[in-house]
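In: Quick one, what's the 3D model for this:
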Amino acid sequence: MPRNIILACLLIFPAVTFADLQISDAWINNLPPSVPVRAGYMTIHNTQTSPLRIVALSSNAFASVEIHRTVEKDGMVSMERVPELTIPANATVQLEAGGLDLMLMNPVDPIKPGTRVAITLRLEDGSEQILNMIVRE
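Out: Presented below is the predicted three-dimensional model:
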């Protein structure tokens, strides 16, 4: 195939890149069934050379899943919703108590320690990545 045809094909059909987030130590804290909100923690690593942005989260196990940040203002601590989370290129972001974390609200069914919960991350480019989080004591 002549070089010009290959070059033209590359211009017409650009390479498709898929999100490559490596997620480790993903877990949800266990709380009594009467508590409607759980927190989720994990380490997220972006192996790509460009930033990736998580724009939405969902789960069949919870009515709502959001990213929140712990904020201290005037001696009061509160949680603030983070509408999008950018993971810089070749960087790691930690979701942990006292910082960024997942807020998993209103479980559809009771969850117990050892249960695996699927969470779907939707990225800015429209791709999705599913991760399994385990419920811990």
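In: Buried residues, stretch 77-96. List them.
Out: By 16 or more other C-beta atoms under 10 Å, the buried positions in stretch 77-96 come out as Leu85, Ile87, Val93, Leu95. No exception for glycine: its C-beta is placed from N, CA and C like everyone else's.
In: what lines up beside the strand or helix carrying the third one in the sheet?
Out: Following DSSP states H and E, one finds Val93 within strand 92-95. Strand pairing for strand 92-95, determined by DSSP bridges: strand 37-46 (antiparallel).
In: buried sites along the helix or strand following the strand holding Val93?
Out: Next in sequence after strand 92-95, counting helices and strands by DSSP H and E, comes strand 100-107. Across strand 100-107, burial judged by 16+ other C-beta under 10 Å covers Leu100, Asp101, Leu102, Met103, Leu104, Pro107.
In: could you dump those to TSV with pLDDT and distance to Arg38?
Out: Putting the buried residues of strand 100-107 into TSV (pLDDT from 0 to 100; distance: C-beta to C-beta, whole Å) gives the following:
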residue	pLDDT	distance to Arg38
Leu100	97	15
Asp101	97	10
Leu102	97	8
Met103	96	8
Leu104	96	4
Pro107	94	7
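In: List just the nearest of those residues to Ile23.
Out: Leu102 (11.4 Å; C-beta to C-beta).
In: mind listing what that closest one touches?
Out: For Leu102, the contact set (C-beta atoms under 8 Å, 6 or more residues apart in numbering) comprises Ile28, Ala39, Gly40, Tyr41, Met42, Leu57, Val65, Glu66, Ile67, His68, Leu95, Ile119.
In: Kindly list the longest strand within this protein.
Out: In the chain, with assignment by DSSP state E, the single longest strand is strand 62-73.
In: What strands line up against whatever helix or strand comes next after that one, and which way round?
Out: Once the chain leaves strand 62-73, the next helix or strand it forms, by DSSP H and E, is strand 76-82. Using DSSP bridges, the strands paired with strand 76-82 are strand 62-73 (antiparallel).
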